[in-house]
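> here is my input; please provide its structure:
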Amino acid sequence: MRQLPIPGFAALAALALLTACGGDPPPAPPPPQVGVVTLSTGSAPLQTELPGRISALETSEVRPQISGVVRRRLFEEGAMVRAGQLLYVIEDAPYSAALGTAQGNLARARASINATRLQAQRYRELVGINAVSRQEADNADAAAQQALADVTAQRAAARAAQINLDFTRIKAPISGRIGRSLVTPGALVQAGQPDPLATIQRTDRVYVDITQSAAQLLDLREAMRAGGVEASAGAPVRLILPNGKPYGLAGRLQFSEVSVDPASGAVTLRATFPNPDGLLLPGMFVRAQLTQGVRRAAILAPQRGITRDQRGRPVALVVGRGNKVEQRMVTVDRPLGDKWIVTGGLRPGDRLIVEGLMNLRPGTVVTPGAPQPAPGTAGN
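Next up is the predicted model:
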């Protein structure tokens, strides 16, 4: 007789012993526990984070209106200046002389008025007794009128000379912070030169020019026309600074540009922000967070309940009838805090699985329960 190997004999003996004792196979494991959240609808603000660039509320380039040599600079670079404050002084000797000449010509023109007026009056009397010809009387009247016109011209010349003399004292056109001076005393400046002498910027309030793609703007407007989204007029705008920290003061959206930039395909939105501490500098790039609308009857699904399939599409697992797992392909709009705004694939009342997703498959029977608090919310 063939003898069985020792290991095989031991296994048969154990099986026979179990059979003789009437033992049952081990019970099936219980359904896995999962944490679910029952979805409902509510209003959700449509918040967008967009790039922006800061610009001064007012900017003025200080330029010379006349030509001459700079004699003095009367401000400190980087300081605050007031509108009308004297900044530069240009050599005024030539312009003082020109004003004196113009004033002398004006005085001479005024002096000739009486002579020509009296002569014209006498000629009108003499022409009545044929002592002078009518032509001579007409010439006297014309000379009197010319003297009056000459006074007007010389007065304008004197005024122009005074204006040029005033231009030798260059004053601040606006109040704000002045930058570095591009000229020093002794430099020759000219009217119409391409470079300014300095630049003044008003920064107690600043503009933030925000760029948004035309496609995003069109999607928002279509949603508003469809009735699912309401406009959010006057909503505050928040800023994220280049170092990643939020700016403490809120701004207001002023207007949207009426055309699309053909180079970038974007629309510019402009917001204003208070800047009392001068933290926002012109030219600085920031991120702007703004609310452009409010979606009515929105479904907010926790982000930990939305995953991605192998093709990158968002999917969700829900507990269906008989506590069986169902898979849904969903459409999400944008994040809102720790949730997604879901626009398709989920309905109010669905039990979304947010815990125990590992190794779950559609059709699996589960035991739903309340989820554990999300990290960071236990103390709230």
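
> need the longest strand for this protein.
strand 41-62 (DSSP state E).

> quick one: distance of that one to the chain centre.
Counting by C-alpha atoms, centre = their mean, to the nearest Å, strand 41-62 is centred 3 Å from the centre of its parent chain.

> could you identify the helix or strand that succeeds it?
strand 68-73 (DSSP states H and E).

> partner strands of the helix or strand following that next one, parallel or antiparallel?
Using DSSP H and E, the helix or strand that directly follows strand 68-73 along the chain is strand 80-81. Sheet pairing of strand 80-81 (DSSP bridges) gives strand 176-178 (antiparallel).

> contacts for the helix or strand that comes right after the strand it pairs with?
Next in sequence after strand 176-178, counting helices and strands by DSSP H and E, comes strand 188-189. Residues from elsewhere that reach strand 188-189 (C-beta atoms under 8 Å, 6 or more residues apart in numbering): Pro64, Ser67, Gly68, Val69, Val70, Ile90, Val183, Leu197. C-beta coordinates here come from the backbone N, C-alpha and C atoms, glycine included.

> for the second one, grab phi and psi.
For Ser67, the backbone dihedrals are phi -100, psi 140 (criterion: degrees, to the nearest 10).

> CSV for the contacts of strand 188-189, including pLDDT, neighbour count and distance to Arg225?
Below are the contacts of strand 188-189 laid out as CSV (pLDDT from 0 to 100; neighbours: other C-beta atoms under 10 Å; distance: C-beta to C-beta, whole Å):
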residue, pLDDT, neighbour count, distance to Arg225
Pro64, 95, 21, 55
Ser67, 95, 15, 60
Gly68, 95, 20, 62
Val69, 96, 11, 65
Val70, 96, 21, 61
Ile90, 96, 22, 61
Val183, 95, 18, 57
Leu197, 96, 20, 53
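
> centre of the chain to stretch 305-312, how far?
On C-alpha atoms, centre = their mean, the centre of stretch 305-312 falls 34 Å from that of its chain.

> in it, what counts as buried?
Along stretch 305-312, these residues count as buried under the neighbour rule (16 or more other C-beta atoms under 10 Å): Gly305, Ile306.

> report how far apart the opening and closing residues of it are.
One end of stretch 305-312 to the other measures 15 Å (C-alpha to C-alpha, to the nearest Å).

> same check, this time on stretch 28-35
OK, stretch 28-35 end separation, C-alpha to C-alpha: 22 Å.

> now that stretch: mean pLDDT?
For stretch 28-35, mean pLDDT is 85.

> and what of stretch 135-147?
Here the average pLDDT along stretch 135-147 is 72.

> cool, and stretch 318-332?
Mean predicted confidence for stretch 318-332 is 92.

> who's in contact with it?
Under C-beta under 8 Å, 6+ apart, the answer for stretch 318-332 is 31, 34, 36, 301, 306, 313-317, 340-346, 350-353, 360-368.

> hmm, Val81 is touching Ile178, no?
Yes: assessed by C-beta atoms under 8 Å, Val81 is found in contact with Ile178 at 5.0 Å.

> what's the overlap in contacts for these two?
Phe75, Leu87, Ala172, Ile200.

> apply the buried test to the residues you listed and list what passes.
For the shared contacts of Val81 and Ile178, buried by 16+ other C-beta under 10 Å: Phe75, Leu87, Ala172, Ile200.

> where does pLDDT dip in the chain?
Low-confidence segments of the chain (pLDDT under 70): 1-25, 114-115, 118-132, 137-138, 140, 226-228, 230-234, 374-380.

> mind jotting down where the helices sit in the stretch 201-350 of the chain?
214-226 (DSSP state H, counting those that start in this stretch).

> for the nearest residue to Leu281 once chain neighbours are set aside, give me its contacts.
Among residues not flanking Leu281 along the chain, Ile54 sits closest, at 6.6 Å (C-beta to C-beta, 6 or more residues apart in numbering). Residues counted as contacts of Ile54 (C-beta under 8 Å, 6+ apart) are Val206, Tyr207, Val208, Asp209, Leu280, Leu281, Pro282, Gly283, Met284, Phe285, Val286.

> do that again at 10 Å, thanks
203, 206-209, 239, 273, 275, 280-286 (C-beta atoms under 10 Å, 6 or more residues apart in numbering).

> now do Pro196
Ser60, Glu61, Val62, Arg63, Pro64, Gly179, Ser181, Leu182, Val183.

> try 7 Å this time
Glu61, Val62, Arg63, Leu182 (C-beta atoms under 7 Å, 6 or more residues apart in numbering).

> Pro314 versus the first one, what's the distance?
Taking C-beta to C-beta, to the nearest Å as the measure, Glu61 and Pro314 are separated by 52 Å.

> what's the answer for the last one, then?
Using C-beta to C-beta, one gets 56 Å for the distance from Leu182 to Pro314.
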